[in-house]
Structures are given as structure tokens and as C-alpha cells.
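**Q** just to be clear, the model below is a prediction. Sequence and coordinates:
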Amino acid sequence: MIDYTVDTNDNELLMLYRENDEDAKNLLYAKYKFIINILIKKHSSQLNNLNVDYQEIYSECSVGFSDALHNYRDDRNASLPTFITVCIERRIFGIIRKYSRDKYRNLQDMYSLDFIYVENGSRLMDIISDEGEYDPLKNITEEEDYKELISLIKSRLTKNEYEVFVLKIRGLNYQEIAKILNKNSKQIDNTIQRIKNKVKNIINRNN
């Protein structure tokens, strides 16, 4: 019998989880269930405005969590907690679309600039534009241009930078990103500054 601890390697736990080991499943959930709470809180205003039942929200988030455990591969450009974040938020966006379909017919248009087209995420502008600064993305209006830009950015960032990038453009703050990636806020701040510089250089060269 394996002596499970919170420090047990995630890949080992995933392997056991896929062999229907309930202890491994429970430990993975215990380690990362805080991500569900972070994302529900992040979207709470919109979910409340749409009168979405909390149990339905949590149930969908749990499905997203299970999706992440089932589909994660260690050769992805993301750690397990980052992949869990992406999968859970995809489910939350699904709830928002479902409840908004009749009330907001143009939901996709409303969110077109709020979504990162890699992994169905959200905002790019928040990470590269400081308040009061000229917005370098104002001329990027077509979805295909945006997709190309995201692909180029991904190719220029390190694995660690891309993980932080994915979480930041999803609207998570420094403290939340630090908690998900098990780093301190200063490390995240330094990484984001490097990302901003790289992204601005990419945009300047392509304008």
C-alpha cells in the first residue's frame, strides 16, 4: 500500500487515479480543489446575475476537474494545476453561454476580445496594457490575427512564462497565480514583467 502524502508526485497519483485508485483521486482533489473556489469567486458576479444554481456550478466545475485528471499529459506546455484551471473555466464558460443564450444573443461578440483562442481562455489586453497606456492591440480586430498573435507569443515564452501568461489572461491576480503554481507573488510579478516586455516586442515588430 502506498503511503500517500500531499508531496506525492502528481504523475504518480494520476497513473494510480487512472487505475481507479480512490485514494489517489481523493488526494488530487484535496490538493487542487481550491482552484474551483478561486474560479467560482472570479465569475461569481456574472453567475449570480444569471441566477445560476450554486450546486450546478460546483457540479460542472467538478466535471472539469475530472476532465483535467483524465486528459492531462506531462508533455503539455502546462503543469497539472494550470491544466485543471483551464478545464474548469471551460466548464464555467459553458454554463455562462447556456444561461446567456436567450438573454444575450451576441454573447460571443461581447467576449471576443476577452477570450484567448488557445484553450478557450480570456483577456490578452490585461497582461500587456498598463492603465493610461496606448493600447497596442487596438488595430488587431480580426480573430485570425488574434490567433496568429497568440501562437507567436506562445512560441517566444518559456514553459513557466506561458503558464503564468495563460492564468493571467484568464483574469487571475498575482496571489491566485502564485497559489496555483506554488510560487510566491514576487516570482509571479517578475515573470509577468518579462512576459509584458516579450509581448510588446512581438507586437511592435508585427505592426
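**A** Sure, I can see it.

**Q** so this structure: which segments form each domain?
**A** 8-111, 118-207 (automatic domain parsing).

**Q** the chain: helices as residue ranges?
**A** 10-17, 22-32, 34-42, 44-49, 54-71, 80-100, 107-110, 125-128, 143-156, 159-168, 174-181, 185-206 (DSSP state H).

**Q** before we move on, the earlier item: export the domains of the chain to CSV and tack on mean pLDDT and mean neighbour count?
**A** (Each C-beta comes from the backbone N, C-alpha and C, glycine too.) Shown next, in CSV, are the domains of the chain (pLDDT from 0 to 100; neighbours: other Cβ atoms under 10 Å):
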stretch, mean pLDDT, mean neighbour count
domain 8-111, 85, 16
domain 118-207, 73, 16
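
**Q** pretty sure H70 sits against L14.
**A** No. Under the criterion of Cβ atoms under 8 Å, H70 is not in contact with L14, lying 9.1 Å apart.

**Q** convert the C-alpha atoms of stretch 159-169 to CSV, please.
**A** The C-alpha trace of stretch 159-169 is given here as CSV (Å, rounded to 0.1, in the frame of the first residue of the first chain):
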residue,chain,number,x,y,z
LYS,A,159,7.1,27.0,-20.3
ASN,A,160,7.0,28.8,-17.0
GLU,A,161,6.2,32.1,-18.6
TYR,A,162,3.4,30.6,-20.8
GLU,A,163,1.8,29.0,-17.7
VAL,A,164,1.7,32.4,-16.0
PHE,A,165,0.5,34.0,-19.2
VAL,A,166,-2.4,31.6,-19.5
LEU,A,167,-3.5,32.2,-16.0
LYS,A,168,-3.0,36.0,-16.1
ILE,A,169,-5.1,36.5,-19.2
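
**Q** now do it: distance to the chain's middle.
**A** 8 Å (Cα atoms, centre = their mean, to the nearest Å).

**Q** without its sequence neighbours, what residue ends up closest to R156?
**A** Once flanking residues are discounted, R156 sits nearest to K198: 5.4 Å by Cβ to Cβ, 6 or more residues apart in numbering.

**Q** distance of that neighbour from L14?
**A** K198 sits 31 Å away from L14, going by Cβ to Cβ, to the nearest Å.

**Q** what do you get for R194?
**A** Distance, R194 to L14, by Cβ to Cβ: 30 Å.
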